[in-house]
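A.B. asks: Could you look at this predicted model? Sequence included:
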Amino acid sequence: MTAPIPTKVHYHRKERELELTYAGGESYRLPVEYLRVFSPSAEVRGHGPDTATLQVGKKHVGLKNITQAGRYALKLHFDDGHDSGLFSWDYLFDLIRRREANWADYLRRLDEAGASREPLGIEIKQL
């Protein structure tokens, strides 16, 4: 089954959440941190399950820009410089459906690695 295509995409900058609204009126908000750590890029996912790179220190990541890639995906330009993943409509809808399980698994993997969602060092934001 093919995922629905959003009728509206809105970035809530202050909350750092991407809102996807669909034709039936249902709306979902996904934290940018969640989207960043589950980026479909090879940089994050690797070229197989055992080559994925655990993303750490992404708690405060935001978006600089959102562009549409054809009629099938969004390209999210994160403010940490990452912008190589294409988020297809199918992948975004899967992230919505599996959000709780994905997030719990991510937190477990962070814990096992002794890593943190908090960034290392001093965060510097351009105004």
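C.D. replies: Here it is on my side, so go on.

A.B. asks: where along the chain do the helices fall?
C.D. replies: Along the chain, counting by DSSP state H, helices occupy 32-37, 42-45, 89-97, 99-113.

A.B. asks: Show me which helix or strand of this structure is least confident by mean pLDDT.
C.D. replies: Taking mean pLDDT, DSSP states H and E as the measure, the helices and strands of the chain show their lowest mean at helix 42-45, namely a mean of 86.

A.B. asks: what about that one, distance to the chain center?
C.D. replies: 12 Å (CA atoms, centre = their mean, to the nearest Å).

A.B. asks: got it, and stretch 38-58?
C.D. replies: Counting by CA atoms, centre = their mean, stretch 38-58 comes out at 12 Å from the chain centroid.

A.B. asks: So for the least confident helix or strand of the chain, what gets flagged as buried?
C.D. replies: Counting neighbours by 16 or more other CB atoms under 10 Å, one finds that the buried residues in helix 42-45 are residue 44. C-betas here are computed from N, CA, C, even on glycine.

A.B. asks: ok, and what's touching it?
C.D. replies: Contacts with helix 42-45, where a contact means CB atoms under 8 Å, 6 or more residues apart in numbering, come from 37, 38, 39, 52, 53, 55, 82, 84, 85.

A.B. asks: Model confidence score at the nearest residue to the last one once chain neighbours are set aside, please.
C.D. replies: Leaving aside its sequence neighbours, residue 85 sits nearest to residue 41 (CB to CB, 6 or more residues apart in numbering; 3.4 Å). Reported pLDDT at residue 41 in the predicted model: 91.

A.B. asks: Go ahead and flag the most central residue of this structure.
C.D. replies: Nearest to the centroid of the C-alpha atoms of the chain, with distances taken as CA atoms, centre = their mean, sits residue 35, at 0.7 Å.

A.B. asks: Done for today, thanks.
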